[in-house]
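1. fold the following for me, if possible:
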Amino acid sequence: MPAKTDQLLLLLLIILLMLQHQSCTGSNVGKKKPGAPLKHASPGGKQGSGSPHPSPGRKKGSGSPPVPTPGYPKGYSKIFDVLSYGAKGDGVTDDTKAFQIAWQAACNVESAIVEVPAEFRFLVGPISFSGPCQPHITFQIDGTIIAPVNPRAWGPAGMLQWIQFSKLNDITIQGCGVIDGRGSVWWGYSACETSSQKGKQMPNIKPTALRFYGSIGATVTGITIQNSPQCHLKFDSCTSVKVSSVTISSPWDSPNTDGIHLQNSQDVEIQHSSMACGDDCVSIQTGCSNVRVHNINCGPGHGISIGGLGKDGTKACVSNITVYNSSIGDTLNGVRIKTWQGGLGSVKGVSFSNIQVSNVKIPIVIDQFYCDKSVCTNQSSAVAISGVTYENIRGTYAYKSVHLACSDDVPCTQVVLTEIELHPVVQNLRQPFCWKTYGEAQNPSIPPIYCLHAGQPYKNPGSIQSSLDGC
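-> Reported below is the predicted structural model:
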């Protein structure tokens, strides 16, 4: 009997979650207008008191935040609805404190669910959801979270991130809701600027919308992240990361608004997602290995990039990166590796395959002379690049099909291109370009690629191998 009771209770919890999910994917059943109490399973009353759920507008001094009620199956926690912790969800009231209190309560409960309900707009300032916490916490975002546009909310210098999850195990962000950074006030233009905002300048440091730091088993699925002041979604020093069915959106001319940014993170999978932004759709930086990116729709933006690596003489190590079964359109680049002169370390074991490009300025790029200024100093050292494969890259380009510019002193090695079919959108565009790039073009390619060097470089082979082994 206890086992059957647990199964029935588990089934009940699943049905409740399915009903809530349905409410934000088009069904009108059970929907409430903003300001009305929700009747799904939110936390309520003291344990054993049998008291009803508190209303969303609970006043200060009405007692401590509600604690979970008993009766759920073992291994499954209660739902911590932010409305039950004082959030208004009217898009005007600052709900930061309510989100923080709800998190503090959920942090102590294994498999807790923090609920951000549908059809509410929550104004939330800079906030950090930090561990250590009990594992398997889910942040269920079905409503909309909006960033403040008042400069005072960000401090005089600004902040590096808006919403941060740090030092957590098995943290999941999911739902069909929206995280809206309202970045136009940071980019230097705003079509919806109010009279109270005019003349107020935002801080110089622009925040990333959603950042994960130092976490194991981070999952993001289903949500939309839009109009971030800078990068939309960042993983720093994380392992076992999964991103799926995510939509990222900002205007093509929004500066430095990368879609997903990876740094010092391993065992990452990004799949079945759509990204339109003002910079790289996916940016893979130093310290990343075992990364798989597939079934991505990228554009507009700057394409899918590894780097820039080695800035200011730093050491960068990137390995085992696979990008496949994706489409890239109306971007500056397709699949790219970019490094600064003077850097150290290596990029090795990279595969780009089954990529469809459309009206991409340069679909295939290696650039060891990357520079974001008008002039950069020539330097001899470079991040070594070896073992890069481009296979079945097809579509149209708007300037040049292939650009492989490698270092004089640390040339690129083992670069292989096969089944390349790229057609110009207009006639008489630039021919493929290679410089100090060693490898081979297998099978006839369109356009023909004759500029690769066969074999290995005769100059500094020991230095190249040392850089590869140094990581």
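2. rest of the way, CA atoms for contacts and neighbours
-> Noted.
3. can I get the host helix or strand of residue 389 in PDB? Just the C-alpha atoms.
-> With secondary structure defined by DSSP states H and E, residue 389 is part of strand 384-397. Provided in PDB are the C-alpha atoms of strand 384-397 (Å, rounded to 0.1, in the frame of the first residue of the first chain):
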ATOM      1  CA  ALA A 384      48.400  26.700 -32.200                       C
ATOM      2  CA  ILE A 385      45.600  25.300 -34.300                       C
ATOM      3  CA  SER A 386      45.600  21.700 -35.400                       C
ATOM      4  CA  GLY A 387      43.200  18.900 -36.300                       C
ATOM      5  CA  VAL A 388      40.300  21.000 -37.700                       C
ATOM      6  CA  THR A 389      37.800  19.300 -40.100                       C
ATOM      7  CA  TYR A 390      35.200  21.000 -42.300                       C
ATOM      8  CA  GLU A 391      32.800  18.500 -43.900                       C
ATOM      9  CA  ASN A 392      29.600  19.000 -45.900                       C
ATOM     10  CA  ILE A 393      29.500  22.800 -45.600                       C
ATOM     11  CA  ARG A 394      27.000  24.000 -48.300                       C
ATOM     12  CA  GLY A 395      25.000  27.100 -49.300                       C
ATOM     13  CA  THR A 396      25.700  30.700 -50.300                       C
ATOM     14  CA  TYR A 397      28.200  33.300 -49.400                       C
END
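4. next secondary structure after it?
-> Going down the chain from strand 384-397, the next helix or strand is strand 402-405, by DSSP H and E.
5. those helices in the protein, which residues are they?
-> 2-23, 96-107, 184-187, 461-469 (DSSP state H).
6. and the strand holding residue 389, which strands flank it?
-> In the sheet, strand 384-397 lines up against strand 344-360 (parallel), strand 412-424 (parallel) (DSSP bridges).
7. can you tell me which of the helices of the chain the model trusts least?
-> Across the helices of the chain, helix 2-23 has the smallest mean pLDDT, namely a mean of 50.
8. contacts only, for the nearest residue to residue 356 once chain neighbours are set aside.
-> Distances taken as CA to CA, 6 or more residues apart in numbering put residue 327 closest to residue 356, at 4.7 Å, once the chain neighbours are dropped. By CA atoms under 8 Å, 6 or more residues apart in numbering, the contact list for residue 327 reads 295-298, 355-358.
9. just list whatever residues bridge to residue 327.
-> residue 297, residue 356.
10. tell me where the model's unsure across this structure.
-> 1-77, 189-199, 459-463 (pLDDT under 70).
11. try it again with 90
-> For the chain, applying pLDDT under 90 flags the ranges 1-78, 156-158, 188-201, 370-381, 427-428, 443-444, 455-471.
12. any idea how far residue 211 lies from residue 430?
-> 40 Å (CA to CA, to the nearest Å).
13. ok, the two, which is more surrounded?
-> residue 211 (22 against 14; other CA atoms under 10 Å).
14. could you look over the strands paired with strand 384-397 and pick the most buried one?
-> Most buried of the strands paired with strand 384-397 by mean neighbour count (mean count of other CA atoms under 10 Å) is strand 344-360; its value is a mean of 23.
15. CA atoms only: put that one into CSV for me.
-> Taking Å, rounded to 0.1, in the frame of the first residue of the first chain, the C-alpha atoms of strand 344-360 are listed here in CSV:
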residue,chain,number,x,y,z
LEU,A,344,49.9,30.7,-26.2
GLY,A,345,48.2,27.3,-26.0
SER,A,346,46.2,25.4,-28.6
VAL,A,347,43.0,24.6,-30.3
LYS,A,348,42.8,21.0,-31.4
GLY,A,349,40.2,18.3,-32.3
VAL,A,350,37.6,20.5,-33.9
SER,A,351,34.9,19.3,-36.3
PHE,A,352,32.3,21.3,-38.3
SER,A,353,30.0,19.1,-40.3
ASN,A,354,26.6,19.2,-42.1
ILE,A,355,26.3,23.0,-41.9
GLN,A,356,23.9,24.8,-44.3
VAL,A,357,24.7,28.5,-44.8
SER,A,358,22.7,31.2,-46.5
ASN,A,359,23.9,34.6,-47.4
VAL,A,360,26.9,34.3,-45.0
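16. so how far is that strand from its chain's centroid?
-> Mean-position distance between strand 344-360 and its chain equals 18 Å (CA atoms, centre = their mean, to the nearest Å).
17. again, but for stretch 396-403
-> Between the centre of stretch 396-403 and the centre of its host chain there is 27 Å, according to CA atoms, centre = their mean.
18. stretch 317-325 now?
-> On CA atoms, centre = their mean, the centre of stretch 317-325 falls 16 Å from that of its chain.
19. go through that stretch and flag the buried ones.
-> For stretch 317-325, the neighbour count (16 or more other CA atoms under 10 Å) marks 317-325 as buried.
20. contacts for that stretch, please.
-> Contacts to stretch 317-325, defined as CA under 8 Å, 6+ apart, come from residues 285-296, 345-356, 471.
21. could you check how far the nearest residue to residue 408 once chain neighbours are set aside is from residue 400?
-> Distances taken as CA to CA, 6+ apart place residue 436 nearest to residue 408, at 6.3 Å, with adjacent residues excluded. Look at residue 436 and residue 400: by CA to CA, they are 18 Å apart.
22. the more surrounded of the two?
-> Looking at residue 436 and residue 400 with other CA under 10 Å, you find the greater number of neighbours at residue 400, namely 22 against 19.
23. what sits opposite residue 224 in the beta ladder?
-> Bridge pairing for residue 224 - DSSP bridges - gives residue 178, residue 247.
24. let me know whether it touches residue 248 as I believe.
-> Yes. Applying CA atoms under 8 Å as the test, residue 224 and residue 248 come out as touching, 5.8 Å apart.
25. so for these two, which sits in the more crowded spot?
-> Under the criterion of other CA under 10 Å, the comparison of residue 224 against residue 248 puts residue 248 first, with 26 against 23.
26. who are the contact partners of that one?
-> By CA under 8 Å, 6+ apart, the neighbours of residue 248 are 224-226, 232, 259, 274-277.
27. again with residue 455
-> Residue 455 touches 438-439, counting by CA under 8 Å, 6+ apart.
28. who's in contact with stretch 98-114?
-> Contacts for stretch 98-114 (CA under 8 Å, 6+ apart): 65, 67, 75-83, 85-87, 124, 127, 129, 131, 133-140.
29. with stretch 351-364 instead?
-> Residues contacting stretch 351-364 (CA under 8 Å, 6+ apart): 321-336, 388-404, 425.
30. ok, the residue lying closest to residue 134 once chain neighbours are set aside - how many residues close by?
-> Distances taken as CA to CA, 6+ apart put residue 110 closest to residue 134, at 4.8 Å, once the chain neighbours are dropped. Residue neighbour count, defined by other CA under 10 Å, stands at 17 for residue 110.
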